[in-house]
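Trainee: Can you look at this prediction? I've put the sequence above it.
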Amino acid sequence: MQIRFLGAALTLGLGACASTPPPEPGMIADPYEGFNRQMFAFNNGVDRYALAPAANVYETVTPSFARDRVGDFLANLKSPVIFVNDVLQAQPGRASDTFFRFTLNTTIGLVGLWDAAHYFGLEGHTEDFGQTLAVWGVDSGPYLVMPILGPTNPRDLLGSGVDVAFDPLNWTEFEGQPDLDDQIAMGRRVLGALNARVEFDDQIKTLNEQPEPYIALRRIYSSQRQADIRNGKPVDDADAYEDLPDFD
């Protein structure tokens, strides 16, 4: 089911690439804006009535120290996927940093509960296969908003599916407990979502206070992905708000 959904989304995106002209400089290709706005409203409803209340409870019962440990632990579990993408992007220095960070955090950092590598001057970074495809020259395709997943594009949507295949935990079988791998995956997603929702609460409130939250999020996502592809190097964002409407 997930593969069929991914294939349909990719076909939809590539079809738009072929049937719509390239966007003007400073603009973002959004041929499915009507659909995207509906999904944006749906996701806002899920956040307002489900995720935000759950995150508030989680924040109340979990001290910040414990949330930090959860964040470090989950970040460490992503290291194998980051390492593979570092290698695929021909970034030996970053791949080396990722390898040693994972080694230090898994051992000295007690399976990643502490970011021990930070104290040795090894700062973390993120990589995913969507970024790898971009480095290889694959175009992003049109902007998409997917239910629950949020803002993305065909390239990043495909990349997220490949990253699932890269993650060794998704292929680990536990003897006598055939469902344990699925339970672990679900636990990671739930904890990750709650932790992230608490961490970005102020940013989400600021976004929702904008005159056009949909357009603001579209621009933020596009700019952030470009920065990620450039490994954090600043981009020329002089036109960052060019596609925002005028408000008198």
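Mentor: Sure, I can see it. Numbering: from 1, shown residues only.
Trainee: tally of neighbours for D167?
Mentor: D167 has 16 neighbours, counted by other CB atoms under 10 Å. For the C-beta atoms, the positions are set from N, CA and C on the backbone; glycine is no exception.
Trainee: try R219
Mentor: R219 has 21 nearby residues by other CB under 10 Å.
Trainee: which helices and strands does whichever strand or helix holds it pack with?
Mentor: Element membership of R219, judged by DSSP states H and E, is helix 213-229. In terms of contacts (3 or more CB pairs under 8 Å, 6 or more residues apart in numbering; DSSP states H and E), helix 213-229 is packed against helix 33-46, helix 129-135, strand 150-152, helix 201-208.
Trainee: can you do 7 Å?
Mentor: In this structure, helix 213-229 makes packing contacts with helix 129-135, strand 150-152, helix 201-208, judged by 3 or more CB pairs under 7 Å, 6 or more residues apart in numbering; DSSP states H and E.
Trainee: With respect to N44, which of those lies nearest?
Mentor: Among the helices and strands packed on helix 213-229, helix 201-208 comes nearest to N44, with 7.6 Å by CB to CB.
Trainee: list the buried ones in that closest one?
Mentor: Using 16 or more other CB atoms under 10 Å as the test for burial, helix 201-208 gives I204.
Trainee: which other helices and strands contact that helix?
Mentor: helix 213-229.
Trainee: In the helix it packs on, which residues are buried?
Mentor: Quick answer for helix 213-229 (16+ other CB under 10 Å): 213-219, 221-222, 225-226, 228-229.
Trainee: picking up where we left off before, gap between the helix holding R219 and the chain center?
Mentor: Taking CA atoms, centre = their mean, to the nearest Å, one finds the center of helix 213-229 at 12 Å from the center of the full chain.
Trainee: gap between G109 and L180?
Mentor: With distances taken as CB to CB, to the nearest Å, G109 is found 24 Å from L180.
Trainee: For burial, what's the neighbour tally of the closest residue to T62 other than its chain neighbours?
Mentor: Closest residue in space to T62, ignoring its immediate chain neighbours: V70 at 7.8 Å, by CB to CB, 6 or more residues apart in numbering. Burial of V70 is recorded as 16 neighbouring residues (other CB under 10 Å).
Trainee: what does the top helix by length along the chain rub up against?
Mentor: When the chain is parsed with DSSP state H, its longest helix is helix 180-199. The contact list for helix 180-199, computed with CB atoms under 7 Å, 6 or more residues apart in numbering, reads 51-52, 54-55, 58-59, 67, 70-71, 74, 77, 169-170, 172-174.
Trainee: Just among the residues you listed, which is most surrounded?
Mentor: Counting neighbours by other CB under 10 Å, A55 leads those with 21 neighbours.
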